[in-house]
Structure formats: C-alpha cells, structure tokens
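>>> fold the following for me, if possible:
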Amino acid sequence: MAEERLQRRLAAILSADVVGYSRLMGNDEAGTLARLKVLRRDVIDPSVAAHSGRIVKLIGDGSLIEFGSAVDAVACAIDIQKKIREHDTGGSEANPIQFRIGINVGDIIIEGEDIYGDGVNIAARLEGTAESGGISISEDAWRQVQGKVAANFVDIGEQSLKNIARPVRVYRVELGEESATQPAAPTLPLANKPSIAVLPFENMSGDSAQEYFADGVTEDITNALTRFRELLVISRGSSFAFKGKGTDIRQVARDLSVLYVLSGSIRKVSNRVRVSAELTNAETGLQVWADRYDRDLADIFDLQDDISKAVAAVVHPAIRGAEVERARRKPPASLSAYDLYLRSLPHLWASTRDELPKAIELLRRSLSLDPTSAPTLAALAWCLCVGFWAGSSASRQTAAEALNLARLAVEQDRTDAFAQAVYGHALSAISHDHEQARFHAQEAIRLNPSSAFAWGIVGTVVLSGGDFELAIDHLSRAIKLSPYDTLLHIWMTVLALAYFYLERYEEGITWARKAVQQNPSFGTAHRVLAANLVCAGRVEEARGVTRKRDAVQKTTIRELRALGGYRAGKLFERYLSAQRMAGVPE
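All right, here's what the predicted structure looks like:
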C-alpha cells in the first residue's frame, strides 16, 4: 500500500492577538467580549473577505487567518489595524482594544479545516515582536511584498523566537498615520549600563485583598534583578509611583530614565496562581521577552521567591541580548569601554576558535579604557578559559594570564557573582585546585542564586572534582533557570559528560545531541557525543560524529590528556579510550 502523504501547501499566515486581553477581561469581561464581537463583525471579517483570506480559527483573544499571497495578508493587516482605531466602540483612550499581528510565508500542513507546521508557528511567534497596534512580518514575507504594498518596512534584525530553532529576520510595518502621530522613541539620560524599571504587577484576582500578594511579587522580582550587577534597577519607591495609573510604558520609561520596563499581572484563584510578565524596550516599543508561570500556592513566601528568581533569570539574558544588538548599532567613534565589552559577548558566547580571538581583541581594547572593570576582566578570563578547555594551543600559552585576570576580577569586586564563578572555573580548569574552585563557584551562587551561569560553573567545577551526581543536579538547575541562554551548549555538554562517567550512556547521548544542535561549532560537544556512542556500542556512528567534528575542530589524544585535570582517574582513561575508538589520533 502506498504510504499516506501529508497534505502541504505554501501560504501566507496572519496571526493576531489582543494586547492585554487578561487585563481587559478583568476590568470588564462582558463589555470586552461585546466590543470584540463588534470589531470582528464590522472590521475583521469584512477585511479578510475583501483580501481573499480564510479565517482558520478564533481562539479566545487570538485569530489565525490564511491567505494565498503575502501581499493580501499584509494589505489586510494594515486595513484591520487602521480601522480598529476608528471602530472600537465602548472603550476609552486609557482602555482601547489593540491587536498585535504577525505574518509569515511558509509551508503548512493541512488537516481538515485546520493548518499546522513551522509556517504557522513562526507567524504566531512574530506577534510578540510587534508593537501594540502594530504588524511584524518575516523576511520571507517581506521579500514578497516590498514595492507592492503602500507601507514602509523597518528591519529590526534577527530575532530569537520561542521554540523556533533558528533566528528569524523581522520587519516592522510602519503605518502612515501611526508614523505621523506617534512620538519618537525616547532619548533617555541613561547610566552606562542597561536600566530597567519593574512596574507593579496588576492584581487580576478580582479580590482587592490579594493586592499585597501582587505587590510582594513585584518587590521580590525587583530585588532579584538588583543582584545582576550589570543592571541599573529603579528602586521600588519610584516604580510604585505608577501603580494603578495605566500609564503608557514609553512615558514611564521617559519619566524614570530607563530603557527597559518589566510589567505583568497576577491572578490568584484558590490554591493556584498565574503570573504573566513581559519585558519591553522603550526605545523601540518592541517586546523583548514574555512568559507565564503557573504554580501551586503551597507557601506564599516560597512562591514569591520562586517566581522572582525564575523571572530574573530569564529577563537578564534577554536584556543582555538586546544590549548587544544596541551596541552593535553605534558608530565606532562613540564606543565606550562598556560598548566594547558588549560587542565582545556574541563572540565570547560562541566559544569557537574563530570567534574567541575577536572577543579577546575587543575585551583588551575595553580594558585599555577601563582596566579595573571586574566584568570585563572576568569576561576576558572566561574567554581564555574556554579556549583552553576547547584545546587551543594559543589559549594554553595564556592559561596563566587567564588565571591572573580572573583573580584580579575578584579582587576588584568580591561581590560580583560572574567574577567569582569565572575564577572558580579558572582554578579548576587550569590549576586543578578543585577545593578552592568549588569555594569561589559556590560564592557566586550565594551572591546571585538566580544566575544560571553560576549554577553551570558550579556543575562544571564539581564534575572536575569527581562528584558527578551533584554535577548533574547543578547543571540541570542552570538549564532550567535559563532555558534560552546562549551558553546552553556548554552546560549540556558537561551534563552529557557526567552521564558518561556514570555509565548512563543513552542519557549522555541525548544531552550531547542537544548540545550539538544548540551550537554545531562547539567541538567538545561532538567529542562527548562520540564517547557516549562508543560505550553504548555504536562505534560506527561515533566515528561518523568524529569525522563531522574534525571539520569544526581537529584534536588529538595527547591534547585531550593535557586538558584532563579530573579526579576521575581511570574514568578519564575510559573517556580517552572511547575517543581512540571513535577515530581520534594519538
């Protein structure tokens, strides 16, 4: 019998959702539903029909619509956004219904009246990059519509979309009326570091007695963010001045002189609580990050602490990524030591032989302007350590410098968790002083328990000391704390190595494959994958991995032995033996 094939076709997908739907429903559930019904009847349905679209489904506050061409999809989106402003009946200037719209062109899977696939998923995720009342489209859609639609398109660069494997280049559609009426992005008198305000989270419980809980979570998140020394966090007193005022986020940013604003809502029902949060870049008006947390209310204070750490751990990498892009856009003449530091980060986190020299050069330039910066000293030390760990002969020659830089970073600021973590790693990887390494790594966690980096380093250090079960616990926590971090490939690789030493090879294979998927250029991940495959009896597959790895980074048994430093002893010899069987030369 012929195998049943999936039905596919190419389509333009429009995904839309209502901005602040939970807030609107909490304020006036019946009124909001009535207003949405009018908008769908008078605006959305007629516009979709006029542009030959098909409404696939309506889900609460969201809509999924299919078009035969990108031109029709974008023209329809523009028509909808302009008319919604005129037709929203029953609302007010402080409480309007606005939509975010995302559009993508891609291959879709058809199942009855429904559609699935990456083409649909990307459109849905593009919503989050759109402004309130705005439209974001993928590069694939932009290629189809440029010159064919009466609108301007602004390239906002590659964006990492949740659960989408590769970054997507995104274009924002500038609506003529909007560009004429909207104020320019604020020019803020910022400190020389990323600045953020945490607005009081809205109490969506329908019970004013729960106001204290929303305020408590807001305060805990603020305190958790202050542990990240790279951030300038506006104090609680200033942020709470905006409580209950429904102020526009851009105006809040101007008033508080910050670039980022974290806002959200809390709904508590019985013994369950839901916290929603989103981070906005006030300079562009774009959402940088958003997520939702559902928890049991077993202990109110433990819950506040748990959510605060989770939000802080994810918000920090999001801010770091946005700041890197912001620094890249500055002309070279305006670069400060901090900008040079930020520019080094993408090269540093890539952790490859090609990228490490670029990071080192930028960090040395930064230190020439500010030789006492603990984060920069620590970053350069980390860069050299990663090169050493990856087996670069050049980095081995500078191992002593890496150790010295890490020590200087801690001396400059003993309260810098990043510096403490890097010094712990350097002591472990270079001088093999595992006891002292563990002390400094654990000090990093004490200083910042929200830091996924600190937990990852502790996991790496205790593995080097031979405590593999504890390494798995710490590395798993690092991955859970920051599931979208750029360093995931390192923590996953070390986790796979811990499973190798515990002879849990299938688990090691799983995590090593994930590490390779996260960063195919990270040679160590390939080596650990090959070792687990050999010991799982899949030698030919392991040799195939080694051949692929050699295209990224060649190595020898002699080089690997020089990098050992583990208390594992015979276990490390088993690792080297597996490498030989996988095809690594002496």
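
>>> can you classify Pro483 by secondary structure?
With DSSP: H, G, I helix; E, B strand; the rest coil as the basis, Pro483 sits in coil.

>>> run a quick neighbour tally on the closest residue to it other than its chain neighbours.
Nearest residue to Pro483, sequence neighbours excluded (C-beta to C-beta, 6 or more residues apart in numbering): Val314, at 7.7 Å. Every C-beta, even on glycine, is put in place using the N, C-alpha and C of the backbone. Neighbours of Val314 under the rule other C-beta atoms under 10 Å: 22.

>>> one more: Ala496?
Residues near Ala496, counting by other C-beta under 10 Å: 29.

>>> tell me which helix or strand it sits in.
helix 488-501 (DSSP states H and E).

>>> over to Arg9?
Using DSSP H and E, the element containing Arg9 is strand 7-18.

>>> could you check the pLDDT of Val71?
What the model reports as pLDDT for Val71 is 91.

>>> typo on my end, Asn532
Reading off the model, Asn532 has pLDDT 92.

>>> equivalent analysis for Leu33, please.
87.

>>> one more: Ser392?
47.

>>> and the gap between Leu560 and Leu571?
According to C-beta to C-beta, to the nearest Å, Leu560 stands 14 Å off from Leu571.

>>> more neighbours, the two?
Leu560 (18 against 15).

>>> element containing that one, please.
helix 557-562.

>>> after that helix, which helix or strand is next?
Downstream of helix 557-562 (by DSSP H and E), the next one is helix 570-581.

>>> circling back to that earlier point, what's the helix holding Ala496 in contact with?
Residues from elsewhere that reach helix 488-501 (C-beta atoms under 8 Å, 6 or more residues apart in numbering): 351, 386, 452, 456, 459-460, 463, 468-469, 471-472, 475-476, 478-479, 482, 505, 507-512, 514-516, 518-519, 522, 524-525, 528-529, 531-532, 535, 568, 571, 575, 578.

>>> which among those end up buried?
351, 386, 452, 456, 459-460, 463, 468, 471-472, 475-476, 478-479, 482, 505, 507-512, 514-516, 518-519, 522, 524-525, 528-529, 531-532, 535, 568, 575, 578 (16 or more other C-beta atoms under 10 Å).

>>> from those residues, which land in helices?
Counted as lying in helices by DSSP state H, out of the buried ones among the contacts of helix 488-501, are 386, 452, 456, 459-460, 463, 468, 471-472, 475-476, 478-479, 505, 507-512, 514-516, 518, 524-525, 528-529, 531-532, 535, 575, 578.

>>> any weak-confidence spans in the stretch 1-150 of the chain?
Residue ranges of the stretch 1-150 of the chain with pLDDT under 70: 1-5, 60, 88-95.

>>> Leu64 against Ala12, yeah?
No - counting by C-beta atoms under 8 Å, Leu64 stays clear of Ala12, with 12.0 Å between them.

>>> okay, the two: which has more neighbours?
Ala12 (29 against 20).

>>> who does that one bridge with?
Phe67, Val105 (DSSP bridges).

>>> residues in contact with it?
Contacts of Ala12 by C-beta under 8 Å, 6+ apart are 66-70, 72-73, 103-105, 141, 144.

>>> reformat those residues as a markdown table; add neighbour count.
Formatted as a markdown table, the contacts of Ala12 follow (neighbours: other C-beta atoms under 10 Å):
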| residue | neighbour count |
| --- | --- |
| Glu66 | 21 |
| Phe67 | 23 |
| Gly68 | 15 |
| Ser69 | 19 |
| Ala70 | 26 |
| Asp72 | 19 |
| Ala73 | 32 |
| Ile103 | 32 |
| Asn104 | 29 |
| Val105 | 25 |
| Ala141 | 30 |
| Gln144 | 18 |
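
>>> and Leu403, what is it in contact with?
381, 426-427, 430-431.

>>> with Ile65 instead?
Applying C-beta under 8 Å, 6+ apart, the residues near Ile65 are 13-16, 48, 53-56, 73, 76.

>>> now swap in Val288 and tell me
260, 279-281, 318-319, 321-322.

>>> domain map for this structure?
Domain segmentation of the chain under automatic domain parsing yields 7-181, 195-319, 330-482, 486-586.

>>> ranking those by mean pLDDT, which is last?
domain 195-319 (a mean of 79).

>>> please, which helix or strand holds Ala402?
Per DSSP H and E: helix 399-412 holds Ala402.

>>> again with Ser136
strand 135-138.

>>> gap between that strand and the chain center?
Distance, stretch centre to chain centre, for strand 135-138: 20 Å (C-alpha atoms, centre = their mean, to the nearest Å).

>>> can you list the residues that contact the helix or strand that it is followed by?
Tracing the chain past strand 135-138, the next element assigned as helix or strand by DSSP H and E is helix 139-145. Helix 139-145 is touched from outside by 12, 69-71, 73-74, 103-106, 137, 153, 168-171, with contacts defined as C-beta under 8 Å, 6+ apart.

>>> now, which of these sits nearest Ala241?
Proximity of these to Ala241 was ranked by C-beta to C-beta; the top entry is Val170 with 33.8 Å.

>>> and for the closest one, the neighbour number?
Counted with other C-beta under 10 Å, Val170 comes out at 26.

>>> and Lys480, how far from Ala310?
9 Å.

>>> so which of these two has more stuff around it?
A side-by-side neighbour count of Lys480 and Ala310, using other C-beta under 10 Å, places Ala310 first with 21 against 12.

>>> then stretch 58-77 to CSV, C-alphas only?
Extracted as CSV, the C-alpha positions of stretch 58-77 are listed here (Å, rounded to 0.1, in the frame of the first residue of the first chain):
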residue,chain,number,x,y,z
LEU,A,58,-10.6,32.1,16.6
ILE,A,59,-9.1,31.2,19.9
GLY,A,60,-10.1,33.5,22.8
ASP,A,61,-8.1,36.6,22.1
GLY,A,62,-6.4,35.2,19.0
SER,A,63,-7.1,34.7,15.3
LEU,A,64,-5.4,32.6,12.7
ILE,A,65,-6.0,33.5,9.1
GLU,A,66,-4.7,32.0,5.8
PHE,A,67,-4.1,33.9,2.5
GLY,A,68,-3.0,32.9,-0.9
SER,A,69,-0.4,35.7,-1.1
ALA,A,70,1.7,37.7,1.2
VAL,A,71,0.5,40.9,-0.5
ASP,A,72,-3.1,40.1,0.5
ALA,A,73,-2.1,39.2,4.1
VAL,A,74,-0.1,42.4,4.7
ALA,A,75,-2.7,44.6,3.0
CYS,A,76,-5.4,43.0,5.1
ALA,A,77,-3.4,43.5,8.3
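
>>> going along the chain, name the helices of the stretch 151-300 of the chain.
Applying DSSP state H, counting those that start in this stretch to the stretch 151-300 of the chain gives helices spanning 176-181, 211-226, 236-239, 249-256, 300-328.

>>> make CSV out of those helices and add distance to Ala419.
Shown next, in CSV, are those (distance: least, C-beta to C-beta, whole Å):
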stretch, distance to Ala419
helix 176-181, 45
helix 211-226, 17
helix 236-239, 27
helix 249-256, 29
helix 300-328, 16
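
>>> between these, which one is nearest to Gly157?
Of those, the one closest to Gly157 (C-beta to C-beta) turns out to be helix 300-328, at 6.1 Å.

>>> can you give me the buried ones in that closest one?
Result for helix 300-328 [16+ other C-beta under 10 Å]: buried residues 303-305, 307-324, 326-327.

>>> same deal with stretch 208-227?
For stretch 208-227, by 16+ other C-beta under 10 Å, it's 210-211, 213-222, 224-225, 227.
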